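Undergrad: what follows is a protein structure lacking sequence information:
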Ligand code: HEM
């Protein structure tokens, strides 16, 4: 038995954006487009004192993102060979340094620390704020790390889109 699926030209399940992206790559690219405004709205809620709603939105966002990361990683490890999908790009080279590899490194330099930050911020907030959530001794640390976590998510999205364009759109 084999664990790979071929549909059309590429291994894995094709996406719906009309590019060479796989289904999960397309889902994540679009999901990031939704995450950024929701995050901005939620931080604004906290600024206006609507802490309970801020908490609900942030916990929901973190849960959806975690599920997306698990599905995405499973897709890339089992079904999709992203290098094969990137191969037609003029920015990709399999055996030497190229813009695709550089953009992937930059993207991971945002994505990995941002993941760690989100875990720290959510777990820290759930432990450090009272129930219902309100400012506490944890506020200073939360505001600082929360801001970094938000900036990290924005950077992760933008660098992810650059990587997606260079790898799966450019021809
Ligand atoms: C990754 C998830 C989260 C991020 C990125 C985040 C981000 C932020 C940011 C940037 C602020 C400062 C807003 C300002 O400028 O005044 C803030 C405030 C706040 N957040 Fe979060 N937050 C997250 C999760 C949570 C959770 C899970 C809770 C509740 C358990 C929470 C409770 C609060 C409270 C109570 C404040 C007000 C703190 C104060 O001003 O004294 N946050 N958050």
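TA: That came through, no problem. Just so you know, these numbers come straight off a predicted model, no measurement behind them.
Undergrad: can you give me the strands for this structure?
TA: 6-7, 10-11 (DSSP state E).
Undergrad: so how far is the ligand from residue 87?
TA: Counting by C-beta to the nearest ligand atom, to the nearest Å, the separation of residue 87 from the ligand is 36 Å. All C-beta spots, glycine's among them, are computed from the backbone N, C-alpha and C.
Undergrad: for the lengthiest helix in the chain, packing partners?
TA: Of all the elements of type helix in the chain, the one with the most residues (DSSP state H) is helix 99-128. Here helix 99-128 is seen to pack against helix 51-74, helix 139-164 when contacts are counted using 3 or more C-beta pairs under 8 Å, 6 or more residues apart in numbering; DSSP states H and E.
Undergrad: looking at the strands of the chain, which has the lowest confidence?
TA: Within the strands of the chain, the least confident segment by mean pLDDT turns out to be strand 6-7, at a mean of 60.
Undergrad: for stretch 136-156, buried residues please.
TA: 142, 145-146, 149-150, 152-156 (16 or more other C-beta atoms under 10 Å).
Undergrad: picking up where we left off before, so for residue 119, which of the helices and strands packed on helix 99-128 sits nearest?
TA: helix 51-74 (8.3 Å; C-beta to C-beta).
Undergrad: please enumerate residues in contact with that closest one?
TA: 24-25, 27-28, 31, 35, 38-39, 41-43, 45-46, 115, 118, 122, 125-126, 129, 132-135 (C-beta atoms under 8 Å, 6 or more residues apart in numbering).
Undergrad: pull out the buried members of the residues you listed.
TA: 24-25, 27-28, 35, 39, 42-43, 45-46, 115, 118, 122, 125, 129, 133.
Undergrad: contacting the ligand as well, which ones from those residues?
TA: Near the ligand, taking C-beta under 6 Å from any ligand atom as the test, the members of the buried ones among the contacts of helix 51-74 found are 43, 46, 118, 122, 125, 129, 133.
Undergrad: how much space between the fourth one and residue 77?
TA: Spatial separation of residue 122 from residue 77 under the definition C-beta to C-beta, to the nearest Å is 25 Å.
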